[in-house]
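1. no sequence for this one, just the structure:
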């Protein structure tokens, strides 16, 4: 765990939050519902108490994914932000934190849907930061036009910039 509070938000900056007490350890869930909700192979979450969350900019939109709870996400950019259970349970997505590297998962569940090759991911070829090859110019163009909110709170977002100005 890290120093308190935890802060984070969505990709576009429309929704930001602070968590006063991160509560439990980080975990992964491989269940099919989490895979769909995250658009990924698993969800990476930290269980928290809803009373410890302050939405500092905007609020998440929600989708009721089951009779037990709903998924919170940014309505503007679609970033998955949280799971809100009906019985006082809540979890924040690790990927939406300003410092996700500080939260190593301690457990995993939903393993019935875990990809059979999950344990082999560290052996997948590493093409570096840009991947090399003919798409390097494409990667550079993305970096120059990046509209992703920085990993810290800002007074205003997006900043007033021209299309050609490099962003953080």
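-> Great, that's in hand. Quick caveat, the model's predicted, so the values are computed rather than measured. Numbering: from 1, shown residues only.
2. residues making contact with stretch 22-33?
-> 1-2, 4, 6, 41-49, 52, 65-66, 94, 103-115, 118 (Cβ atoms under 8 Å, 6 or more residues apart in numbering). Any C-beta I mention is one placed from the backbone N, CA and C, and that applies to glycine too.
3. Buried members of those into ChimeraX, please.
-> Remark: buried members of the contacts of stretch 22-33, expressed as a ChimeraX selection using 16 or more other Cβ atoms under 10 Å:
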select :6,42,43,44,45,46,47,48,52,94,103,110,114
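4. Let's see which of the contacts of stretch 22-33 end up in helices.
-> Among the contacts of stretch 22-33, no member falls in helices (criterion: DSSP state H).
5. Just the contacts of stretch 22-33: which are in strands?
-> For these, the ones inside strands are 6, 43, 44, 45, 46, 47, 48, 65, 66, 107, 108, 109, with DSSP state E as the criterion.
6. Tell me which two of the residues you listed sit farthest apart.
-> Maximum pairwise distance in those, criterion Cβ to Cβ, is 25.5 Å, between 6 and 66.
7. max-length helix in this protein?
-> Determined from DSSP H, the single longest helix within the chain is helix 136-144.
8. What is the neighbour count of residue 80?
-> Neighbour count of residue 80, defined by other Cβ atoms under 10 Å: 22.
9. so it bridges to which residues?
-> residue 73 (DSSP bridges).
10. For stretch 50-59, list every residue counted as buried.
-> In stretch 50-59, counting by 16+ other Cβ under 10 Å, buried: 52, 53, 57, 58.
11. go on, stretch 138-153?
-> 149, 153.
12. End to end on it, go ahead and measure it.
-> 29 Å (Cα to Cα, to the nearest Å).
13. Quick one: mean pLDDT over it.
-> Mean pLDDT, computed over stretch 138-153, is 74.
14. again, but for stretch 76-85
-> Mean predicted lDDT for stretch 76-85 stands at 96.
15. List the contacts of it.
-> Outside stretch 76-85, the residues within contact range by Cβ under 8 Å, 6+ apart are 8-12, 14-15, 17, 37-39, 43, 45, 50, 53, 60, 62, 68-74, 89-93, 95-96.
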